[in-house]
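Undergrad: Turn this into a model:
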Amino acid sequence: MKVFWAADRILIAILDALIIAIAGLILILMNYAVFSRFVLNASVSWGEELPAHLLAVLTFIGAAYLARTNGHLCFDGVLAQLPVPVQRIFLIGIQIMMIFFAGCLTYYGAIAAWSFFGRDLISIELPVTLFRGAMPVGGAIIALICSIRLVGLLLGRLGPDDFQPQHDD
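TA: The predicted structure is shown next:
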């Protein structure tokens, strides 16, 4: 169990650092593109395309982060009004649905990423699969997180309180 919690902390740290790095990179690139266009009067060719693709990466990696920290929109207030056994049944159903949708995201995202194999972005020589690959990676992380939670719920190691949104104290 200690190994599981250590791996969980490592996953959170990696996702946290990745999200901050990507968001920071988008901020720097967008500001440079605006500065270059309006101050230097010399637009960069990648000013829209690269930040847009990075935003897509941020979306899918961020979705995995939110799945782990219970940050997605939910009706947890309604769920909290139900008896604990009913809450557990609902949570099991939710995890099963999330695994299914994350599996679809992984599968179809991999097909979409593979369809761009060998192609570069129009404005800069970076492979499109580098950015499209975030979809199956994010889906796989979500499926892994939800599978572990499903097992925890079925074994009684996780309860409804473990599914409340997490926040920094």
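Undergrad: Centre of the chain to the longest helix along the chain, how far?
TA: When the chain is parsed with DSSP state H, its longest helix is helix 2-38. Computed by CA atoms, centre = their mean, to the nearest Å, the chain-centroid distance of helix 2-38 equals 12 Å.
Undergrad: Tell me which residues of it come out buried.
TA: For helix 2-38, the neighbour count (16 or more other CB atoms under 10 Å) marks Leu11, Leu15, Leu18, Ile19, Ile22, Ile26, Leu29, Met30, Ala33 as buried. Every C-beta, even on glycine, is put in place using the N, C-alpha and C of the backbone.
Undergrad: Do you know the pLDDT at the most far-flung residue of the chain relative to its centre?
TA: Most distant from the centre of the chain: Asn41, at 36.5 Å, with distances by CA atoms, centre = their mean. You'll see Asn41 listed with a pLDDT of 90.
Undergrad: Phi, psi for it please.
TA: phi 60, psi 40 (degrees, to the nearest 10).
Undergrad: Distance check, it against Asn31.
TA: According to CB to CB, to the nearest Å, Asn41 and Asn31 sit 16 Å apart.
Undergrad: One more: Ile12?
TA: From Ile12 over to Asn31 the distance is 28 Å, taken as CB to CB.
Undergrad: Between the buried residues of helix 2-38, which sits nearest Leu150?
TA: For the buried residues of helix 2-38, the minimum distance to Leu150 (CB to CB) is 16.7 Å, reached by Leu11.
Undergrad: contacting residues for that closest one?
TA: Listed by CB atoms under 8 Å, 6 or more residues apart in numbering, the contact partners of Leu11 are Arg68, Ile141.
Undergrad: Please apply the same query to Ile141.
TA: Taking CB under 8 Å, 6+ apart, we find Ile141 in contact with Leu11, Leu15, Ile61, Ala64, Ala67, Arg68.
Undergrad: Output the contacting helices and strands for the helix or strand harbouring the fifth one.
TA: Spelled out, it's Ala67. Using DSSP states H and E, Ala67 sits in helix 49-69. Of the remaining helices and strands, those touching helix 49-69 by 3 or more CB pairs under 8 Å, 6 or more residues apart in numbering; DSSP states H and E are helix 2-38, helix 84-115, helix 128-132, helix 134-155.
Undergrad: Other residues contacting that helix?
TA: Contacts with helix 49-69, where a contact means CB under 8 Å, 6+ apart, come from 8, 11-12, 15-16, 18-19, 22-23, 25-26, 29-30, 33, 71-72, 98, 102, 109, 121-124, 126, 128, 131-132, 134-135, 137-139, 141-142, 145-146, 165-166.
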